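Engineer: Okay, here's the prediction I keep looking at, along with the sequence it came from:
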Amino acid sequence: MPDGEEVQVRVNQRSQPVAGINVLRWELGQELRSLRLTAGKSIADAARHLECSDAKISRMENGQRGAVARDVRDLCKLYGVPAQRRDQLMTLSRDALAADQGTSSTIAGKYSTYVALETQARSLRNYEATFIPGLLQTERYSRAVITQNGDEGLQDEDVEARVRVRMDRQHRVWGDSDDLLKAHFVIDENVLWRPAGVDAETRAIREEQIDLLIRATRLDNVTLQVMPYSAGFYRGMEGSTILLLNLDEGPRVSSTCYLEGMFMELFVRGHGEIATIGAKFDAMAKVALSPEDTRKFLMRLLRGTYQHWSSSRS
C-alpha cells in the first residue's frame, strides 16, 4: 500500500477532470477500504467503532457518500494508521467534501462512482445492446439520448450537465495524452439502425454518429466490433450494458464490472462473477465482425449501400 503522500500524488496525476464527478471521494473510499482490510477488520467492526450502520461504511468505501474528517480520524485509529498518514487522509476528506459542496450535479450516485472508477482504469471492455457506447457518442446523439430517455422532468441545465460529463469522459479515448484508455467495444447491430427520430434532423444525428464510429475504428487504443444479425442468438445478449474495467492501483491490479439496464444499476466485485462476465464478453468478440470488417460495414451503412436484413425477407 502507498503511504498518504503517494496517495495524494496519484490523485493529482491519474484523476481526469470530469464535471460533476467527485473522484477524490472515491479515492478516499478506496484507501479506507484498503486500510480496513490490511488491519483485518470487517465492515461490521468499522460500523461499531463509528456507532453507525454497515451501509454507511459500505457507501463511504464505494465513494457513494463522503467521509467527514472526524470519521476518517476515528477509522484510522481503529486501523492503526500512523499519525502523518491519518492527517493526510483527513485533508483528502476535506478536499472531497469541498468538491461535493461546489458541485450541483444530478448525476446518480452509482453512475458517479462508475465514472470515478473509469478515470482510474487502464482498460475497458464495453458491450451495448441499445445505445452507442457513451465514450463514442457525438454530442448531439448524447443530448438526444439523455433528453428522450433520462429521468422525467429533467431540466435543460441538468441535461447539459449530463452531456458535459459524457463529453469529459471521452478525453480518455480521443485525447492526445500518454494516459489514454485502451477500450474494446462490442455493439449489437440493432444499435446502428435505430435513429434518434424520423425527421431530417434526427436522421442527421444518426449519420453523424456513424461517421464518428468510423473514425473510432482508426484509433490505436480502440477496438470496435459490431455484432451482426447473422450471429443469431449469442452469449451475453441478455445484457443491456456491460462495462468491465481493469484498474491500475500501483503494484495491485483489480477489476470491477458495472451492469446497467432499465431497472438495474449494479456493481459486480466478486472475482468469479467478473470472470464469468468477462468470458461472455470474450465469446461475443469471437463471433462479432472483426475490427476491419466492422469498419467496412460502417462505411457501407453510412453510404446507404448496406441492405437491412428485413428488406430481403421473402
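Structural biologist: Received it, and whenever you're ready, just let me know what you need.
Engineer: Please enumerate the helices of the chain.
Structural biologist: Counting by DSSP state H, the chain has helices at residues 4-14, 23-38, 43-50, 54-61, 69-79, 83-101, 109-120, 139-149, 156-169, 171-174, 189-193, 200-216, 271-287, 291-303.
Engineer: between those helices, which one is nearest to residue 243?
Structural biologist: Closest to residue 243 of those is helix 109-120 (CB to CB; 6.9 Å). C-betas here are computed from N, CA, C, even on glycine.
Engineer: Residue 44 touches residue 53, doesn't it?
Structural biologist: No. Counting by CB atoms under 8 Å, residue 44 sits too far from residue 53 to count as a contact (10.0 Å).
Engineer: Residue ranges in the stretch 151-300 of the chain under the pLDDT threshold?
Structural biologist: Applying pLDDT under 70 to the stretch 151-300 of the chain picks out residues 151, 197-198, 248-254, 261-265, 269-270.
Engineer: ok, 90 please
Structural biologist: Within the stretch 151-300 of the chain, the stretches with pLDDT under 90 are 151-162, 164-165, 168, 172, 175-179, 193-204, 230, 235-240, 246-276.
Engineer: Which pLDDT does the model give the residue lying closest to residue 78 once chain neighbours are set aside?
Structural biologist: Distances taken as CB to CB, 6 or more residues apart in numbering place residue 49 nearest to residue 78, at 4.7 Å, with adjacent residues excluded. Here, the pLDDT recorded for residue 49 equals 94.
Engineer: measure residue 49 to residue 75 for me?
Structural biologist: As judged by CB to CB, to the nearest Å, residue 49 and residue 75 stand 7 Å apart.
Engineer: How about residue 156?
Structural biologist: 41 Å.
Engineer: For residue 186, grab the count of nearby residues.
Structural biologist: 26 (other CB atoms under 10 Å).
Engineer: Can you name the residues bridging to it?
Structural biologist: Counting by DSSP bridges, residue 186 is bridged to residue 127, residue 225.
Engineer: and it, what does it touch?
Structural biologist: Counting by CB atoms under 8 Å, 6 or more residues apart in numbering, residue 186 touches 125-128, 225-227, 281, 284-285, 288.
Engineer: Neighbour count for these - can I get that in CSV?
Structural biologist: Output for the contacts of residue 186, formatted as CSV (neighbours: other CB atoms under 10 Å):
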residue, neighbour count
125, 23
126, 21
127, 27
128, 22
225, 22
226, 24
227, 24
281, 20
284, 22
285, 19
288, 23
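Engineer: for those, which one is nearest residue 185?
Structural biologist: residue 126 (5.0 Å).
Engineer: For the contacts of residue 186, could you give me TSV that also reports distance to residue 233?
Structural biologist: Listed next are these as TSV, based on distance: CB to CB, whole Å:
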residue	distance to residue 233
125	21
126	21
127	15
128	17
225	17
226	16
227	11
281	16
284	12
285	16
288	14
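Engineer: and which of these is nearest residue 273?
Structural biologist: residue 281 (12.9 Å).
Engineer: How many neighbouring residues does the residue nearest to residue 78 have?
Structural biologist: Using other CB under 10 Å, the number of residues around residue 49 comes to 16.
Engineer: and the gap between it and residue 94?
Structural biologist: Applying CB to CB to residue 49 and residue 94 gives a distance of 21 Å.
Engineer: which residue sits closest to residue 46, ignoring its sequence neighbours?
Structural biologist: Nearest to residue 46 is residue 57, by CB to CB, 6+ apart, at 4.8 Å.
Engineer: So for that neighbour, what pLDDT did the model give?
Structural biologist: We have a pLDDT of 93 for residue 57.
Engineer: need the contact list for residue 128.
Structural biologist: Residue 128 touches 185-188, 191, 240-241, counting by CB under 8 Å, 6+ apart.
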